[in-house]
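Novice: okay, here's the prediction I keep looking at, along with the sequence it came from:
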Amino acid sequence: MVDKQTIIEVKVDELVDKAVLMKGQGYRLVQISCTYKENFEITYSFDKDYELVHYRIHVERDEEILSISQIFFSAFIYENELKDLFGVKIKDIAIDYEGGLYRVAKKAPFAPQNKEEEEAKHV
Amino acid sequence: MSFLKKSPWIIHYDGTSCNGCDIEVLACLTPLYDVERFGVVNTGNPKHADILLITGSVNEQNKDVVWQIFNQMPNPKVVVAVGICATSGGIFAECYNVMGGVDKIIPVDVYVPGCAARPESIIDGVVKAVEILEEKRAAMTKKRKMAKVRRVSGPVSLSNMF
Amino acid sequence: MSKRTIVPFGPQHPVLPEPIHLDLVLEDEKVVEAIPSIGFVHRGLEKLVEKKEFTEYVYVAERICGICSFMHGMGYCQAVENIMGIKIPERAEYLRTLWAELSRIHSHLLWLGLLADAFGFESLFMHCWKLREQILDVFESTTGGRVIFSVCKIGGVRKDIDQDTLKGIVAVIDKMQKELKELTDVFIEDYSVKHRLVGVGVLTKQEAHEVGAVGPMMRASGINQDMRKLGYAAYKYLDFEPVVENDGDCYARTLVRIREIYQSMDLIRQCAAKMPEGEIEEKFKGMPSGERFERLEQPRGEVIYYVKANGTKFLDRVRVRTPTFTNVPALLKILQGCDLADVPMMVLTIDPCISCTER
């Protein structure tokens, strides 16, 4: 049995509205994940009664997005992770570590470090 | 100080291990393997310990912690690297946040292979460590005696006269 | 107003087998706020996917954590299999379920032992770990490994279990159940144990939902959700109900885990009785292309595997969201207002697995 996976693409400024909507319908925040492919592809997953709903936004490297941790408290830990590992700019996180959650030696290790890596991702 | 051999005290620190080696180190202390029959006691205080067991590799974050624990231990002391990650970084050697084996930071005396290291090999490693501990102790005693002799037969100074 | 003090907790602490650091803000003996910081065990193994082929990455996935190692390998394999549309043989599904449930028993017994050690009941700790060795012996005789087995592969499993060994496993489980009864009676009825657990660290149903707790943490607060009900592997053929308690305190979390051990034993018996004959692996060709979120129930709760493939042998991204990571906000919630002396108990009842959390 393979369940269906629906990923809904939304615009960056619609995200907070969607989160409020999800909260209102009694969904639980399951995870936030990020992939770097030309830009940040961030996926928010919500669950209710074993059913997963994914919302996806595309964020440019220098774009700043709004945190949803005021709506879902547990989002703070995922958002700090995005900040530390990818270097996504997020403002108004409930508990902001300012890049101190993972304290990795290399800055934003999951994002491309130089021009060559950047170009490799675009292919 | 020959009693060290009879009952070595160990301290265990988890570097960036996957837990596999840690639970095997703990399994050594529990009834089936029971290293306490050799007098081995697990302690949480580095100043009580003779043998340092390290599992997992080191990274930028924990290298200071490892260095501090090692420095706080009294001489003579022996370091045992448990598992392949502590030896060389193992499967994670290529990760960006892994520096490599424990020997990058502190001198290691015994390497225990395996992923995860089996309790039998960990016990074997500790027994080897006890031998090295004994050698180090003997060397220290010898050095101390030599120093004493030198003090007595050394050049005459005011403190020797009175 | 009384004076505020900050007490650092960890990374090297006698009650913690693994390094985690908490800054506890205290007002006299009460914890007002707790701020965790992690990163001592961070290896960045999600990034390794760019250097290892997708078939090799199973070995890395298994080494995310040495306690629920088998289920990490299984989750990764399932995600890739579902992307590629591989249907694994039924016998392989049953074998995976069998090892997964054995892992759950071993993990919960390990946790019960650590809990006993945390409240200073050392002989109970020793008994739990002694019992656990019987499960490890089963692992050793069926897979060759004690903690990391490497029997899971994309398309099925590597080793088969013959009928006699299967009977032997059921016999071990039956024998263990009696010994386990004596042990769990102590946890359930002993006065001194109850004194440390009952009413400590209460997480209400509402709070559990809000902070997104998963696994036994969530079920102890009265939320009925168990990812095994999704019907992956052989769970669709088996008969079971999620274990739920309503009190939400440390005692309830202990009860959930104890009852889950018995449940796993029952599931193993069902597996052994229903296991069909047949192949144990499906040969496959080609490279994966596409993306998928795969959910599994680990001993510590729900884990999510996200795999994104691009049609080559190197995957674009693997992301693992482990149960302890999600339970950290829940831990912060229960730490607020507790006594300093109860902090080790609280940290332990979320069943922390730091190497999972930081990967």
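Specialist: Received it, and whenever you're ready, just let me know what you need.

Novice: is chain C within reach of stretch A:65-75?
Specialist: Yes. Legend: contact between stretch A:65-75 and chain C by CB under 8 Å from any CB of the partner chain is shown at A:F72, A:F73, A:S74. (Each C-beta comes from the backbone N, C-alpha and C, glycine too.)

Novice: low-confidence bits of the stretch 151-300 of chain C, can you list those?
Specialist: Scanning the stretch 151-300 of chain C with the threshold set as pLDDT under 70 gives no residue ranges.

Novice: contacts only, for the residue in it that chain A sits nearest to.
Specialist: Of all residues in the stretch 151-300 of chain C, C:G212 sits closest to chain A, at 4.0 Å by CB to the nearest CB. Each residue near C:G212 by CB atoms under 8 Å, 6 or more residues apart in numbering or on different chains is listed here: A:R28, A:L29, A:V30, A:F72, A:S74, C:T326, C:P329, C:A330.

Novice: mind redoing it with 7 Å?
Specialist: Each residue near C:G212 by CB atoms under 7 Å, 6 or more residues apart in numbering or on different chains is listed here: A:R28, A:L29, A:F72, A:S74, C:T326, C:P329.

Novice: now, which of those residues sits nearest B:A86?
Specialist: When these are compared for distance to B:A86 (CB to CB), C:T326 wins out at 29.4 Å.

Novice: send me whichever helix or strand the closest one is part of as CSV with only the CA atoms.
Specialist: Element membership for C:T326, per DSSP states H and E: helix C:323-335. Coordinates of each C-alpha in helix C:323-335 appear next as CSV, following Å, rounded to 0.1, in the frame of the first residue of the first chain:
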residue,chain,number,x,y,z
PRO,C,323,11.6,11.4,17.0
THR,C,324,13.9,13.0,19.6
PHE,C,325,14.3,16.1,17.5
THR,C,326,10.5,16.7,17.6
ASN,C,327,10.3,15.8,21.3
VAL,C,328,12.7,18.6,22.3
PRO,C,329,10.0,21.3,22.4
ALA,C,330,7.9,18.9,24.5
LEU,C,331,10.8,18.4,26.9
LEU,C,332,11.1,22.2,27.3
LYS,C,333,7.4,22.3,28.1
ILE,C,334,7.6,19.7,30.9
LEU,C,335,10.8,21.2,32.3
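
Novice: is that helix anywhere near chain B?
Specialist: No. Figure legend: helix C:323-335 not in contact with chain B (CB under 7 Å from any CB of the partner chain); closest approach 11.4 Å.

Novice: still on that earlier bit, quick one: which of the contacts of C:G212 has the most company?
Specialist: Counting neighbours by other CB atoms under 10 Å in any protein chain shown, C:T326 comes out on top of those with 30 neighbours.

Novice: I'd guessed that residue sits against C:M217; true?
Specialist: No. Contact criterion CB atoms under 7 Å: C:T326 and C:M217 do not qualify, at 9.0 Å.

Novice: ok, the nearest residue to C:G145 once chain neighbours are set aside - contacts?
Specialist: The shortest distance from C:G145 to any non-neighbouring residue, by CB to CB, 6 or more residues apart in numbering or on different chains, is to C:F139 (6.5 Å). Residues counted as contacts of C:F139 (CB under 7 Å, 6+ apart) are C:L102, C:G145, C:R146, C:F149.

Novice: I'd assumed C:F139 was in a helix, is it?
Specialist: Yes. Assigned with DSSP: H, G, I helix; E, B strand; the rest coil, C:F139 falls within a helix.

Novice: residues in contact with residue 108?
Specialist: Picking chain A for this. Contacts of A:A108 were listed using CB under 7 Å, 6+ apart, and they are A:L85, A:F86, A:G87.

Novice: if you could check chain C rather than the one you did, that'd help
Specialist: Contacts of C:H108 (CB under 7 Å, 6+ apart): C:R257, C:E260, C:I261, C:P299.

Novice: so where's chain B uncertain?
Specialist: Low-confidence segments of chain B (pLDDT under 70): B:1-5, B:150-162.

Novice: quick one: name the residues of chain C near chain A.
Specialist: Within chain C, the positions lying close to chain A (CB under 7 Å from any CB) are C:37-39, C:42, C:44, C:47, C:82, C:209-212, C:229-231, C:236, C:292-293, C:304, C:306, C:308, C:316-317, C:319, C:321, C:325-326, C:328-329.

Novice: now do 6 Å
Specialist: C:39, C:42, C:44, C:82, C:211-212, C:230-231, C:304, C:306, C:308, C:317, C:319, C:321, C:328-329 (CB under 6 Å from any CB of the partner chain).

Novice: need the max-distance pair from these.
Specialist: C:G39 and C:G231 (36.7 Å).

Novice: which one of the two has more residues nearby?
Specialist: Between C:G39 and C:G231, counted using other CB under 10 Å, C:G39 has the larger neighbour count: 24 against 14.

Novice: could you tell me how many residues sit around residue 32?
Specialist: By default, I'm working from chain A. 22.

Novice: nope, chain C
Specialist: For C:V32, using other CB under 10 Å, the count is 14.

Novice: what of the one 5 residues further on?
Specialist: Other residues lying near C:S37 total 18 when counted by other CB under 10 Å.

Novice: hmm, who's touching the helix or strand that contains C:F70?
Specialist: When elements are defined using DSSP H and E, C:F70 is found to belong to helix C:69-84. Helix C:69-84 has contacts (CB atoms under 6 Å, 6 or more residues apart in numbering or on different chains) with A:2, C:58, C:61-62, C:64, C:96, C:99-100, C:103, C:148-149, C:152, C:154, C:288, C:290, C:292, C:294, C:296, C:298, C:303, C:305, C:307, C:309.

Novice: one more time with 7 Å
Specialist: A:2, B:20, C:54, C:57-58, C:61-65, C:88, C:96, C:99-100, C:103, C:147-149, C:152-155, C:232, C:284, C:286, C:288, C:290, C:292, C:294, C:296, C:298, C:303, C:305, C:307, C:309.

Novice: and residue 36, backbone torsions?
Specialist: Unless you meant another one, I'm taking chain A. For A:Y36, the backbone dihedrals (degrees, to the nearest 10) come out as phi -100, psi 120.

Novice: um, chain C though
Specialist: The phi/psi pair for C:P36 (degrees, to the nearest 10) is phi -80, psi 150.

Novice: then C:D164?
Specialist: phi -70, psi -40.

Novice: cool, and C:T165?
Specialist: The phi/psi pair for C:T165 (degrees, to the nearest 10) reads phi -60, psi -40.

Novice: give me every residue that touches it.
Specialist: Neighbouring residues of C:T165 by CB under 7 Å, 6+ apart: C:S141, C:T142.

Novice: check C:M126 too.
Specialist: B:T30, B:P31.

Novice: does it sit in a helix, a strand or a coil?
Specialist: Per three-state DSSP, C:M126 ends up helix.
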